[in-house]
Structure formats: structure tokens, C-alpha cells
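J.: got a structure for you, letters missing:
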């Protein structure tokens, strides 16, 4: 007889109430994609693992497969990223945007569990770890995560060569709908002029060149963030609710 129990690593993306004592936990798992599961009784003070299922936590979780929702049967914390992230508003809003993006991307890809789930999971876990340990500025971590998660989904922007004709860069304009940098020949309505330092920062964030990203100035960071926000909104086909909080912060 086939068991309906399975175990995986996961990052908790968000939770919401169910009934008087339960919660629904939305997780991005390493091998099963996005999972929605009921954690029974976790809102009671006597719950054994309620505190282990908080947003941004990396957990080792055992679940019982159900028809519509799985059921959490065991949970152990691997790394409680949320403890330090939730204590800082800038980190919290950036992490919330990353979690919202991960939820949207994993919900939109039916084959994520067998194809890109491990990469998306590791990318999110790495970004949350960098955030929790303050390795880089929260805004830089967020923008890097957004670009790289979109790249895993097949929407990597061109930050150097022309996205349309492939002409060798660097180029001074960026066209969101065209897929990134565009040369003078391919430049059309909708393209925006981008400072060379901001374009270089976009490339560094996409490739993970942190020495270059950390050395960037506030002006190019602001310009790059605007492009990342617009590029993400275009490909997700809706504005991320938590991203507005990041911009106001």
C-alpha cells in the first residue's frame, strides 16, 4: 500500500487563518513546488509547532497528502530567517515581496515541482539568508532575487547585448517589452534611456556580481530598482502588493 506521507524542505511564504484554531500554510518546497497545507491547532497556545511555521522560516516538514489541501504532521526549523527579518521594516517589506513573487511564479508553473522547484527554492532560501544575515542592502537583495527568479522562469533580461538583434553592448536604452537593453537601431517608443552605471548594476544583480553591486551609488540603485519593478510587473502581469511598501520605505 502506497503511503500518503511525504517529507521535504520548505520556505514558508505566508499563512492565513482557517476556522478557530487552524492555519493554512503556503510553502515553496524543494522538490514538490508550491504546497498549501493545513496546520491543525497551531493557533492554540499549546501547539507543538505553531512557531515553526512562521513566514520566511526554512523548515523540514512532513505532510499527509490530501485531496485539496495537505496536512502538516511534523515540522522542524532548519533556519528561522523570519526572526531577524521581521525585526527590521526594510528587510520585512523586501522579504514579503520575494515571498509574494515566489508564490506567484510557483502557482503559475504547473511543472515547477519537477523542473524548476529546486532552483527556485534554493534561490529564495539564499536570498532570505543573505537578508537575515545583512550581507547586502535589502533593496539590492530584492532586485537581484526578482531578476534571477524571472530568469529561472524563462524571462531573463538582456543587460548588455541588444535583446532584439543581439548587437554587442553596452547599450544606453532599456525596453521592458523587448526584453532588456536595445541598440540605437532597434530602439523604439517605450524604451527608456538608462545611465551606464545603472545598466551595469542590472547586469551585476542578475549575475550575482556582489562586489560591483555593493559599490554602486544610491542614484543608480534607484534607477535600477525602477526598471526591475517595471520588468517584474510586466512579466507577472500584475503589480505585487508588497512592492508598493518597499518603494514607500
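T.: Good, I have the coordinates. For clarity, every value in this text was computed on a predicted model and none was experimentally measured.
J.: What ranges does the protein have for its strands?
T.: 5-18, 22-29, 34-39, 58-64, 70-79, 173-175, 180-182, 192-193 (DSSP state E).
J.: Show the model's pLDDT score for the residue nearest the centre of the chain.
T.: Ranked by distance to the mean C-alpha position of the chain (C-alpha atoms, centre = their mean), the top residue is residue 98 at 3.3 Å. Residue 98 is assigned a pLDDT of 96 by the prediction.
J.: Do you know the pLDDT at the nearest residue to it once chain neighbours are set aside?
T.: The shortest distance from residue 98 to any non-neighbouring residue, by C-beta to C-beta, 6 or more residues apart in numbering, is to residue 145 (5.1 Å). Where you see a C-beta, it was placed from the backbone N, CA and C, and this is true even at glycine. Residue 145 carries a pLDDT value of 97.
J.: Now do residue 145 against residue 18, distance only.
T.: Distance, residue 145 to residue 18, by C-beta to C-beta, to the nearest Å: 29 Å.
J.: Please parse this structure into its domains.
T.: Domain assignment for the chain by the TED database gives 5-82, 85-244.
J.: hey, least reliable of those domains by pLDDT?
T.: domain 5-82 (a mean of 86).
J.: From the structure, what's the count of residues near residue 16?
T.: Neighbourhood size, residue 16 [other C-beta atoms under 10 Å]: 8.
J.: residue contacts, the residue nearest to the centre of the chain?
T.: The neighbours of residue 98, taking C-beta atoms under 8 Å, 6 or more residues apart in numbering as the test, are 124, 127-128, 142, 145-146, 149.
J.: Among those, name the ones in helices.
T.: If you go by DSSP state H, those have 124, 127-128, 142, 145-146, 149 in helices.
J.: ok, of these, which one's closest to residue 217?
T.: For those, the residue nearest residue 217 by C-beta to C-beta is residue 142; the value is 17.6 Å.
J.: Neighbours of the closest one, how many?
T.: 29.
J.: for the one 3 residues further on, same thing?
T.: The burial metric for residue 145, expressed as a neighbour count using other C-beta under 10 Å, is 25.
J.: same question, residue 95
T.: Count around residue 95 with other C-beta under 10 Å applied: 28.
J.: Ignoring the adjacent residues along the chain, who's closest to it?
T.: Going by C-beta to C-beta, 6+ apart, residue 95 has residue 85 as its nearest residue, at 4.8 Å.
J.: swap in residue 228?
T.: Closest to residue 228 by C-beta to C-beta, 6+ apart is residue 143, at 4.5 Å.
J.: can you tell me which residues contact the one you found?
T.: Counting by C-beta under 8 Å, 6+ apart, residue 143 has contacts 205, 224-225, 228.
J.: what sits against residue 99?
T.: By C-beta under 8 Å, 6+ apart, residue 99 lies in contact with 11, 13-14, 55-56, 124, 242.
J.: With neighbour count and distance to residue 199 as extra columns, can I get the residues you listed in a markdown table?
T.: Shown next, in a markdown table, are the contacts of residue 99 (neighbours: other C-beta atoms under 10 Å; distance: C-beta to C-beta, whole Å):
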| residue | neighbour count | distance to residue 199 |
| --- | --- | --- |
| 11 | 27 | 31 |
| 13 | 24 | 31 |
| 14 | 15 | 34 |
| 55 | 19 | 34 |
| 56 | 27 | 31 |
| 124 | 25 | 26 |
| 242 | 18 | 26 |
